[in-house]
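Asks: Sequence plus predicted model, see below.
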Number of protein chains: 2
Amino acid sequence: MRIKCLWIGGIRNPALAGLEAEYIQRIQRFVPIEIVTVPEAKKVDPRKHAAQLDREAQLLGKKIGSNSYLVSLDANGEEWTSEGFAGFFEKMMNRGSSEIIFLGGGYLGIPGVLLDRSDVSLSLSRLTLPHELARVVLLEQIYRSFSIIRGLPYHR
Amino acid sequence: MRIKCLWIGGIRNPALAGLEAEYIQRIQRFVPIEIVTVPEAKKVDPRKHAAQLDREAQLLGKKIGSNSYLVSLDANGEEWTSEGFAGFFEKMMNRGSSEIIFLGGGYLGIPGVLLDRSDVSLSLSRLTLPHELARVVLLEQIYRSFSIIRGLPYHR
């Protein structure tokens, strides 16, 4: 099993980019993981948002295999506990899933066609988080999940 | 109204400490805010945890005025939305509250006597977050709340 984090636009805040790199390195001790980024639409005329999301959806579609299990970060998604998160990965490994994709949207969120394609939508908090910070929270939870699965001490 | 963030132990991760400083600076445009830190108990013999929490509680008690409104970060607390967070600050301002304290625990969490003293316990997510990352999420929400109250554009 491998994990792909598919981001619409990269993390620009240097502190958050540093945390992203730190967690990727830690997670790689447990499971192969990579970050794949597609260009984010620039902030322009709101009337063009739909066209921009269409373009992002096309780019993203090429990165998502038909057998990939797709988890989208979405404010309206399910809320999991950390134990539930670990249980999710255990289930995926038992099923023999080859690839899990976590899809993190940008300024305009996630294109509707990809929310429809998603196997699950995941909300990290009832709070609205900036998307760059949300990605760091996600990566920390992936690391925490594998620490739980391996029975390692990893504290708050 | 002023805000005091009362931390058991400071933020040691440099990237998270940088984000903490960034948000404090941004929030100060809206409302006076300060970070006050009491020393965190060292990780020692679990049989001494109760005594350590007692000591932390004594130090914290000196920083909490009888009229301060105390919000404790606690995994078992209430979950708010960002709009609910903004509404909380509006309510406090309308009431003429002079000080809101956000209490962030360390390795051992928050002493029970201070959870009892708390006016509200707040959980930022159903996920277990590392306490240093939780503090950054909290500060971002304080900033977001005042952006909402002031009607400023502040995007994800």
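Replies: Cool, the structure landed. No experiment lies behind these values; they were computed from the predicted model shown. Residues are numbered from 1 along each chain as shown, chains lettered A, B, ... in the order given.
Asks: can you give me the strands for chain A?
Replies: Remark: strands assigned in chain A by DSSP state E are A:2-8, A:33-38, A:69-79, A:99-104, A:120-123.
Asks: those helices in chain A, which residues are they?
Replies: A:14-27, A:49-61, A:82-95, A:112-117, A:131-149 (DSSP state H).
Asks: among the ones you listed, which gets the worst mean confidence?
Replies: Ranked by mean pLDDT, the helices of chain A bottom out at helix A:49-61, with a mean of 91.
Asks: Tabulate the CA atom coordinates of that one in PDB.
Replies: Provided in PDB are the C-alpha atoms of helix A:49-61 (Å, rounded to 0.1, in the frame of the first residue of the first chain):
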ATOM      1  CA  HIS A  49     -14.400  29.900 -10.900                       C
ATOM      2  CA  ALA A  50     -16.400  27.100 -12.600                       C
ATOM      3  CA  ALA A  51     -14.100  27.000 -15.600                       C
ATOM      4  CA  GLN A  52     -11.100  27.000 -13.300                       C
ATOM      5  CA  LEU A  53     -12.400  24.100 -11.200                       C
ATOM      6  CA  ASP A  54     -13.100  22.200 -14.500                       C
ATOM      7  CA  ARG A  55      -9.500  22.700 -15.500                       C
ATOM      8  CA  GLU A  56      -8.200  21.600 -12.100                       C
ATOM      9  CA  ALA A  57     -10.500  18.500 -12.300                       C
ATOM     10  CA  GLN A  58      -9.000  17.500 -15.600                       C
ATOM     11  CA  LEU A  59      -5.400  17.800 -14.300                       C
ATOM     12  CA  LEU A  60      -6.400  15.900 -11.100                       C
ATOM     13  CA  GLY A  61      -8.200  13.200 -13.000                       C
END
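Asks: what's in contact with that helix?
Replies: Identification of contacts with helix A:49-61 by Cβ atoms under 8 Å, 6 or more residues apart in numbering or on different chains yields A:6, A:8, A:38-41, A:44, A:103, A:106, A:108, A:111-114. From N, CA and C alone the C-beta is placed, and that goes for glycine too.
Asks: Would you mind listing what in chain A touches chain B?
Replies: A:13, A:15-16, A:18-19, A:22, A:79-82, A:85, A:107, A:109, A:124-131, A:133, A:136-137, A:140-141, A:144, A:155-156 (Cβ under 8 Å from any Cβ of the partner chain).
Asks: that older thread, switch the strands of chain A over to CSV; also include distance to B:Gly65, mean neighbour count and mean pLDDT.
Replies: Output for the strands of chain A, formatted as CSV (distance: least, Cβ to Cβ, whole Å; neighbours: other Cβ atoms under 10 Å in any protein chain shown; pLDDT from 0 to 100):
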stretch, distance to B:Gly65, mean neighbour count, mean pLDDT
strand A:2-8, 44, 21, 97
strand A:33-38, 46, 16, 97
strand A:69-79, 35, 18, 96
strand A:99-104, 42, 22, 98
strand A:120-123, 36, 17, 98
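Asks: Would you mind giving those strands as CSV with distance to B:Ala50 added?
Replies: CSV is the format used below for the strands of chain A (distance: least, Cβ to Cβ, whole Å):
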stretch, distance to B:Ala50
strand A:2-8, 40
strand A:33-38, 40
strand A:69-79, 32
strand A:99-104, 40
strand A:120-123, 36
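Asks: Pick the most deeply packed of the helices of chain A.
Replies: Compared across these, helix A:131-149 shows the largest average neighbour count, a mean of 22 (mean count of other Cβ atoms under 10 Å in any protein chain shown).
Asks: Give me the angle between it and helix B:14-27.
Replies: 140 degrees (axes from the mean of the first three to the mean of the last three Cα atoms, to 10 degrees).
Asks: re the thing from before, and the helices of chain A as JSON lines, adding distance to B:Met92?
Replies: Converted to JSON lines, those look like this (distance: least, Cβ to Cβ, whole Å):
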{"stretch": "helix A:14-27", "distance to B:Met92": "29"}
{"stretch": "helix A:49-61", "distance to B:Met92": "36"}
{"stretch": "helix A:82-95", "distance to B:Met92": "31"}
{"stretch": "helix A:112-117", "distance to B:Met92": "36"}
{"stretch": "helix A:131-149", "distance to B:Met92": "25"}
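Asks: wait, which of the ones you listed is closest to A:Asp74?
Replies: helix A:112-117 (6.4 Å; Cβ to Cβ).
Asks: how about that closest one as PDB, C-alpha atoms only?
Replies: This file holds the C-alpha atoms of helix A:112-117, laid out as PDB (Å, rounded to 0.1, in the frame of the first residue of the first chain):
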ATOM      1  CA  GLY A 112     -17.600  18.700  -7.500                       C
ATOM      2  CA  VAL A 113     -16.900  15.900 -10.000                       C
ATOM      3  CA  LEU A 114     -14.100  14.700  -7.700                       C
ATOM      4  CA  LEU A 115     -16.200  14.900  -4.600                       C
ATOM      5  CA  ASP A 116     -18.600  12.600  -6.500                       C
ATOM      6  CA  ARG A 117     -15.700  10.300  -7.400                       C
END
